[in-house]
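[1] Just to be clear, the model below is a prediction. Sequence and coordinates:
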Amino acid sequence: MRFSATLLSTVALVPTLAWSLTVSPAVTPFCQSPSVVSSTTIGENNDVQVQTLKCANAITEDAVSKASLDKRQVNVCTTDCTRNCFTPSGGGPDPNECHVIADALLFDSQNVGALFTIPANASVVTMQFRSCLTFFVNQAGVDEQFCRTGWSSIIDNVAFNCQATQNAHGGNCVPQDQRWFIQVQNVNA
Ligand SMILES: *[C@@H]1O[C@H](CO)[C@@H](O)[C@H](O)[C@H]1NC(C)=O
């Protein structure tokens, strides 16, 4: 009895000690049982929290073209996506706090590299600063490369155009082939 009680408490403590930032519940509608693959901070002031998540399920869209699945890795670096605002107004992220994430991505683009890879087996990347949460979801079923500058401008585009004046509280941007999407929302939404 004593042994199993000790074992249980050890297991329960490990995630708390390893990751100060919990996984956002915002990802669980599409990412089942997310586990944290890596956790870091980025930006000039290292104040934007980044997590890479692995989902128990395979995230793929039916709309993904079969041609793209034949490739081992695809470069999907673009800002060509359709913006969808989430209604109604109230409880959105502070767009200026989202802009801090956008700036951190530009800083990393210059100092780390223009491209980053989102592997099919760790298909969700989240970034968070104060009220603002953004995440990139790879739904292609193959590794994808994306540009940091692209994610940066999509964050600003969604954050500043899906606000209370648009009867919105954040939103996402989805390309026509649905091989990925980027969402911008409040951390508590
Ligand atoms: C993903 O797959 C690569 C290549 O097979 C492997 O090296 C890596 O450890 C895997 N990552 C995860 C989080 O499973």
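    Received it, and whenever you're ready, just let me know what you need. Quantities reported herein were computed from a predicted structural model and do not represent experimental measurements.
[2] okay, now the residue in the chain that the ligand sits nearest to: neighbour count?
    Nearest residue of the chain to the ligand (CB to the nearest ligand atom) works out as residue 121 at 3.8 Å. Where C-beta positions appear, they are placed from N, C-alpha and C, glycine not excepted. Neighbours of residue 121 under the rule other CB atoms under 10 Å: 10.
[3] what pLDDT does it get?
    Residue 121 is assigned 94 on the pLDDT scale.
[4] Check residue 19 too.
    In this model, residue 19 is scored at 43, pLDDT.
[5] again, but for the one 10 residues further on
    The predicted local confidence for residue 29 comes out at a pLDDT of 91.
[6] Tell me how many other residues surround it.
    Other residues within reach of residue 29, judged by other CB under 10 Å, total 7.
[7] Is it in a helix, a strand, or coil?
    Classification of residue 29 by DSSP: H, G, I helix; E, B strand; the rest coil places it in coil.
[8] Distance-wise, check it relative to residue 55.
    Going from residue 29 to residue 55 by CB to CB, to the nearest Å gives 11 Å.
[9] near the ligand, which residues of this protein?
    Within the chain, the positions lying close to the ligand (CB under 6 Å from any ligand atom) are 37, 54, 119, 121, 122.
[10] and the residues you listed, which of them are in strands?
    37, 54 (DSSP state E).
[11] So among the residues of the chain next to the ligand, which ones count as buried?
    54, 122 (16 or more other CB atoms under 10 Å).
[12] out of the residues of the chain next to the ligand, who's nearest residue 150?
    Checking those against residue 150 by CB to CB gives residue 119 as the nearest, at 17.9 Å.
[13] is it true that that closest one touches residue 143?
    Yes. Taking CB atoms under 8 Å as the definition, residue 119 is a contact partner of residue 143 at 4.8 Å.
[14] Spit out the contact partners of residue 106.
    Contacts of residue 106 were listed using CB atoms under 8 Å, 6 or more residues apart in numbering, and they are 148, 149, 152.
[15] Wait, a helix at it?
    Yes. Assigned with three-state DSSP, residue 106 falls within a helix.
[16] From residue 26, how far out is residue 156?
    Distance from residue 156 to residue 26, counting by CB to CB: 19 Å.
[17] re earlier: how about the residue of the chain closest to the ligand, what does it touch?
    Counting by CB under 8 Å, 6+ apart, residue 121 has contacts residue 54.
[18] let's go with 10 Å and repeat that
    37, 54, 55, 58, 138, 143 (CB atoms under 10 Å, 6 or more residues apart in numbering).
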